[in-house]
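1. Need coordinates for the following:
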Amino acid sequence: MRNRFFAHARGLAAAALVALAMLAAAAQRPLSAQELQPLVIVTDEGRHDFQVELAATPEERARGLMFRRSMPQDQGMLFDFQRVQPLAMWMRNTYISLDMLFIDADGTIVRIAQNTEPLSERTIPSGQPVLSVLELNGGVTSRLGIEPGDRVEHPLFAE
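-> The predicted model follows:
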């Protein structure tokens, strides 16, 4: 009986490892052109064009940019939380530093967490209720002069 229990437990552990490896492999895939959507950030200095992957389902939002080792400078991930609410993000299993832009329903950036720490489980709060979070490579907002109060143009936001 005991040997059968350990064999079953080993089988479950092996299946879990295979599933985890498949999730990690899927998460490392580059963003394909058909998955990307145009997004523009409008600042006092001008317009900055990006291509973003939309994370709209609970599964997509939970996975986010986990396990990815790089991302092109003009790409990012836009998290659609479907309703305005206080949010908190983290960097669990995320290997690249990110700038997190917390955005209200009309597309106004209300807070930016710059150069987040890879692999950290520290929560990063929105500071106020928001609809969405845009993740870009760490340092992009500083390099382009993107600040709270700037606007994001994307179909997710009311005009």
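2. Just the pLDDT for the closest residue to Ala158 other than its chain neighbours.
-> Nearest residue to Ala158 in three dimensions, chain neighbours excluded: Asp106, at 5.3 Å (CB to CB, 6 or more residues apart in numbering). For the C-beta atoms, the positions are set from N, CA and C on the backbone; glycine is no exception. On the pLDDT scale, Asp106 is placed at 96.
3. Equivalent analysis for Arg4, please.
-> pLDDT recorded at Arg4 is 52.
4. repeat for Glu135
-> pLDDT at Glu135 comes out at 98.
5. Quick check: Asp74 touching Val40?
-> No: judged on CB atoms under 8 Å, Asp74 makes no contact with Val40 at a distance of 11.4 Å.
6. Give me the neighbour count for Arg122.
-> Arg122 has 11 neighbours, counted by other CB atoms under 10 Å.
7. same question, the one 5 residues further on
-> Burial of Gly127, expressed as a neighbour count using other CB under 10 Å, amounts to 14.
8. so how far is Pro129 from Asp106?
-> Per CB to CB, to the nearest Å, Asp106 is found 13 Å from Pro129.
9. hang on, isn't the residue nearest to Ala158 packed against His154?
-> No: in this structure, Asp106 is not within contact of His154 by CB under 8 Å, at 11.5 Å.
10. Those two: who's more crowded?
-> Between Asp106 and His154, counting by other CB under 10 Å, His154 is the more crowded of the two (19 against 11).
11. how about the nearest residue to the more buried one, chain neighbours excluded?
-> Per CB to CB, 6+ apart, closest to His154 is Leu39, 4.5 Å.
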